[in-house]
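[1] next input, structure requested:
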Amino acid sequence: MTVNPSLLPGQRLRARGADSNRTGRYEGTAREAFDDGWDLPEEDRLVATEVRLERPRSALTFNRSPDVPFDRSINPYRGCEHGCIYCFARPSHAFLNLSPGLDFETRLIARPGIAEVLEGELRRPSYKVAPVAIGTNTDPYQPIERDHGLMRQVLQVLAAFRHPVWITTRGTTIERDIDLIGGMAAEGLASVSISVTTLDEGLARKMEPRAPAPKRRLQMIRRLAEAGVPVRVQVSPLIPALTDHELEAVMEAGRDAGARAANTIPLRLPLEVSALFRDWLATTVPDRAERVMGRVRELHGGRDYDPEFGKRMRGEGPWADLIHLRATVARKRLGLAEGLPALRTDLFAAPPKAGDQLSLF
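    This is a model prediction of the structure:
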């Protein structure tokens, strides 16, 4: 495998998805680690996770993509320690002059104060309510949430405003917030998608090294469902010639755990993700690497990825059509919907601020 040398002598990796720090597309220079002779053997160390703080100027991010069912989202964190090698959000680290490779999963950014900024945005007279998505870029319940608690603070604001929210995660810390999410779900204000890529524990550990094991994610679905939260099992990304044979089995396991809906999205390899994923295939499953990438290119018109709206989330061609048909048939057999019920927007109201004069009527 050919990678950029990015580890100093003595540095070691454990439970990381990427094994290199490929230079981001906006950087004018490439970084290369080298031994200057001063590193001693006893300084051997694991590459650790670093967390920096950023004071956010805005909380809500708006989009106009016709491929997603929401127009706004919130990202409490940048980067994600789960380290999923296929993560389509990796290129976002290039905007920070950091590598979409190891930097994405080891040099994280937390955004304290995001809840207060969000409250200010929701109080604007011009604000028009619509469901907000959280977890569609990086996971709000990745391990550092246990220390920073930013997602819970955001949820507290949304609950106070009775604002609808759709959460996507594979992080177990969501169970800490079942009190908030369950209360919002009872009013039709919250739903959750849990990503389950494979039921193969060994493969999951290699693809998603710091994410919860598949059985643990199914347990999350069960606990959320028992609390009355509408849950969808998201079989995404579906990787051709590697995990696609598990589509129906994952949907069934999600249904048995309490999921009401299921969907799937084929693998997407935008920008820097493509090279990182190809490196991973060559190291982890060399016997299938060529077949996997051949099928991926078949999905995207002969390229590793086609970013065109209407194609990027579904792919095109016979294999894409077959996956769509298999998912449709499986949902029908299992009694699953494709999407969850629409969230309510009519309950939205700004709560009184401290010191406000309350109405007598």
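
[2] next helix or strand past the helix or strand bottoming out on mean pLDDT in the chain?
    In the chain, the helix or strand scored least confidently by mean pLDDT, DSSP states H and E is strand 11-12, which has a mean of 68. Per DSSP states H and E, the first helix or strand lying C-terminal to strand 11-12 is strand 45-46.

[3] that next one packs against which elements?
    strand 11-12 (3 or more Cβ pairs under 8 Å, 6 or more residues apart in numbering; DSSP states H and E). Every residue, glycine included, has its C-beta placed from N, CA and C.

[4] okay, buried residues for stretch 149-167 please.
    149-155, 157-159, 161-167 (16 or more other Cβ atoms under 10 Å).

[5] restricting to C-alpha, output stretch 295-309 in CSV.
    Extracted in CSV, the C-alpha atoms of stretch 295-309 (Å, rounded to 0.1, in the frame of the first residue of the first chain):
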residue,chain,number,x,y,z
ARG,A,295,-18.8,-2.5,-8.6
VAL,A,296,-18.5,1.0,-7.0
ARG,A,297,-17.5,2.4,-10.4
GLU,A,298,-20.4,0.6,-12.1
LEU,A,299,-22.7,2.4,-9.7
HIS,A,300,-21.2,5.8,-10.5
GLY,A,301,-20.9,5.9,-14.3
GLY,A,302,-17.3,4.5,-14.4
ARG,A,303,-16.0,6.8,-11.7
ASP,A,304,-15.3,6.3,-8.0
TYR,A,305,-18.0,8.8,-7.3
ASP,A,306,-20.6,10.9,-9.2
PRO,A,307,-21.6,14.0,-7.2
GLU,A,308,-24.6,14.8,-9.4
PHE,A,309,-27.9,15.4,-7.5
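
[6] mind listing what's buried in that stretch?
    Buried-residue list, stretch 295-309, by 16+ other Cβ under 10 Å: 295-300, 304-306.

[7] so of those residues, which ones are in helices?
    Judged by DSSP state H, helices contain the following of the buried residues of stretch 295-309: 295-299.

[8] show me where this structure has its helices.
    Counting by DSSP H, the helices of the chain are 102-106, 114-122, 145-148, 150-161, 178-186, 201-207, 214-226, 247-257, 273-284, 289-299, 318-334.

[9] for stretch 342-349, C-alpha coordinates in CSV please.
    The C-alpha trace of stretch 342-349 is given here as CSV (Å, rounded to 0.1, in the frame of the first residue of the first chain):
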residue,chain,number,x,y,z
ALA,A,342,-43.4,13.4,9.6
LEU,A,343,-42.4,15.5,12.6
ARG,A,344,-44.7,18.2,13.9
THR,A,345,-43.9,21.8,13.5
ASP,A,346,-47.1,23.4,14.8
LEU,A,347,-46.0,23.2,18.5
PHE,A,348,-42.9,25.5,18.0
ALA,A,349,-42.9,28.4,20.4
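
[10] that stretch: how far from the chain's middle?
    25 Å (Cα atoms, centre = their mean, to the nearest Å).

[11] next one: stretch 310-322
    21 Å.

[12] quick check: closest non-adjacent residue to Ala110.
    His148 (4.8 Å; Cβ to Cβ, 6 or more residues apart in numbering).

[13] can you tell me how far that neighbour is from Arg52?
    The gap separating His148 from Arg52 is 12 Å, by Cβ to Cβ, to the nearest Å.

[14] pick the most buried one from the helices of the chain.
    helix 102-106 (a mean of 25; mean count of other Cβ atoms under 10 Å).

[15] and the contacts of that one?
    Outside helix 102-106, the residues that touch it by Cβ atoms under 8 Å, 6 or more residues apart in numbering are 6, 13, 16-21, 47-50, 79-83, 87, 89-90, 93, 98, 210.
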